[in-house]
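[1] What follows is a predicted protein model with its sequence.
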Amino acid sequence: MQRFDLYQEEYHASPLENVWIEFKRSHLAVVGLIFIIIFLLITVLVPIVAPYNPDLQNTNALLLPPAWEASGSVSHLLGTDALGRDVFSRLLYGIRVTLGSSLFIVFVAMIIGVGVGALAGLLRGVRSSIVNHLFDSIMSIPTLLIAIIVVAIMGTGLYNSMFAITLALIPQFIHQTRSFVKEELSKDYVLLDKLDGAGSVRIFFTSILPGMFELIVIQATIALSIAILDISALGFLSLGAQNPTIELGQMLSQSLNAAYVAPWLIALPGLVIFMMVLSVNIVGEGLRSALRNRFKH
């Protein structure tokens, strides 16, 4: 039964609703979002959903192929490695480490980068010029190279690699934030705030920061895909996660010796890394398009 409405008011969707309406127009972006949600659920619930202890060795099932192969077994859905460890369980724990550490890296880099970038954008004169040129020169160096240099100085390990990648990603957030703040400071609404007596800090938090949502979302999705690739690359080069920590890039590196005998040990971690990066990029592109077109409604 239709609800009676005395006042026939036109319904206006909220800004978030407009973003979702535009986002779900892209079926590919929705599929990517579903995959990201699955990866996030795995990251949180892996101790519950993993069928085996990832370090449990079974000498009676060495290099067992996946279940769809003739000699495979349903008890080990994706087979076992050279030590008889369940590949499916190790993949789930690898997703937890790779994606979880990447999310933490991006969060820290975003907080520091936006803060320093805002400060750099609000600075004037010689100080602003020094900061701008310094971070522009750092941005010309690939993030993976910066991470390798930092890890080479500090030593190998997951935490050192996370610290290195965070340092490599911070300049990107600083550059984007600084450019945005510089551009917004020259606009009329900021000039009105200044005439109203507002200081630089208040102008940033009340006027500029709310308009940075689109920029932060776009940069965060780019940074997340970079972080996943970099932490996997460092693990593959044996500069990142070390035993007994399980990480997807490290799984790839450890499987090279058995590549011809058990190719699934390389194909499966590589496929998971590819799906994570692809999903993040697809969702990022969908969000960019949705944020760009949200005012059409």
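    Good, I have the coordinates.
[2] Give me the below-cutoff pLDDT ranges for the stretch 51-200 of the chain.
    Scanning the stretch 51-200 of the chain for pLDDT under 70 picks out 125-129, 131-133, 135-136.
[3] Swap in 80 and give it another go.
    Along the stretch 51-200 of the chain, the model assigns pLDDT under 80 to residues 70-73, 120-143, 185-200.
[4] mind listing the helices for it?
    Listed in chain order, the helices of the stretch 51-200 of the chain (DSSP state H, counting those that start in this stretch) span 87-122, 125-139, 143-154, 158-185, 188-195, 200-203.
[5] Throw those helices into TSV and include mean neighbour count, thanks.
    Any C-beta I mention is one placed from the backbone N, CA and C, and that applies to glycine too. Rendered in TSV, the data for these read as follows (neighbours: other CB atoms under 10 Å):
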stretch	mean neighbour count
helix 87-122	21
helix 125-139	13
helix 143-154	17
helix 158-185	22
helix 188-195	12
helix 200-203	16
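[6] what would the ones you listed look like in JSON lines with distance to I21?
    Compiled in JSON lines, these are given as follows (distance: least, CB to CB, whole Å):
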{"stretch": "helix 87-122", "distance to I21": "26"}
{"stretch": "helix 125-139", "distance to I21": "35"}
{"stretch": "helix 143-154", "distance to I21": "34"}
{"stretch": "helix 158-185", "distance to I21": "26"}
{"stretch": "helix 188-195", "distance to I21": "27"}
{"stretch": "helix 200-203", "distance to I21": "32"}
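[7] show me what contacts the residue nearest to the spatial centre of the chain?
    Central residue of the chain (CA atoms, centre = their mean): L224, 2.1 Å from the mean position. Contacts for L224 (CB atoms under 8 Å, 6 or more residues apart in numbering) come out as 102-103, 106, 280, 284.
[8] tell me which of these is nearest to L134?
    V106 (22.2 Å; CB to CB).
[9] surely that closest one meets I170?
    No. V106 is not in contact with I170 according to CB atoms under 8 Å; the separation is 10.6 Å.
[10] Buried residues of the one helix or strand S232 maps to, list them for me.
    Here S232 sits within helix 213-236, counting by DSSP states H and E. By neighbour count on 16 or more other CB atoms under 10 Å, the buried set for helix 213-236 is 214-236.
[11] could you give the angle of it to helix 87-122?
    Here the directions of helix 213-236 and helix 87-122 differ by 130 degrees (axes from the mean of the first three to the mean of the last three CA atoms, to 10 degrees).
[12] what's the following helix or strand after helix 213-236?
    In N-to-C order, the element after helix 213-236 by DSSP H and E is helix 248-254.
[13] Which strands and helices lie in contact with the helix or strand containing I42?
    Assigned by DSSP H and E, I42 belongs to helix 27-49. The contact analysis (3 or more CB pairs under 8 Å, 6 or more residues apart in numbering; DSSP states H and E) places helix 27-49 against helix 15-23, helix 87-122, helix 264-293.
[14] Was I right to think L278 contacts A29?
    No. With contact defined as CB under 8 Å, L278 does not count as touching A29 (11.7 Å).
[15] Compare neighbour counts for the two and give me the winner.
    Neighbours were tallied for L278 and for A29 using other CB atoms under 10 Å; the higher tally belongs to A29 (22 against 13).
[16] what sits against the more buried one?
    23, 282-283, 285-287, 289-290.
[17] between those, which has the most around it?
    V283 leads the contacts of A29 on contacts (other CB under 10 Å) with 25 neighbours.
[18] which one is that one nearest to, not counting chain neighbours?
    G32 (4.5 Å; CB to CB, 6 or more residues apart in numbering).
[19] so how far is A262 from that neighbour?
    Applying CB to CB, to the nearest Å, the value for G32 to A262 is 30 Å.
[20] Same check on T177?
    47 Å.
[21] What residues sit buried inside stretch 69-79?
    72, 76, 78-79.
[22] could you redo these as CSV and give each row distance to L40?
    Formatted as CSV, the buried residues of stretch 69-79 follow (distance: CB to CB, whole Å):
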residue, distance to L40
G72, 29
H76, 25
L78, 21
G79, 26
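[23] now, which of these sits nearest I111?
    L78 (37.0 Å).
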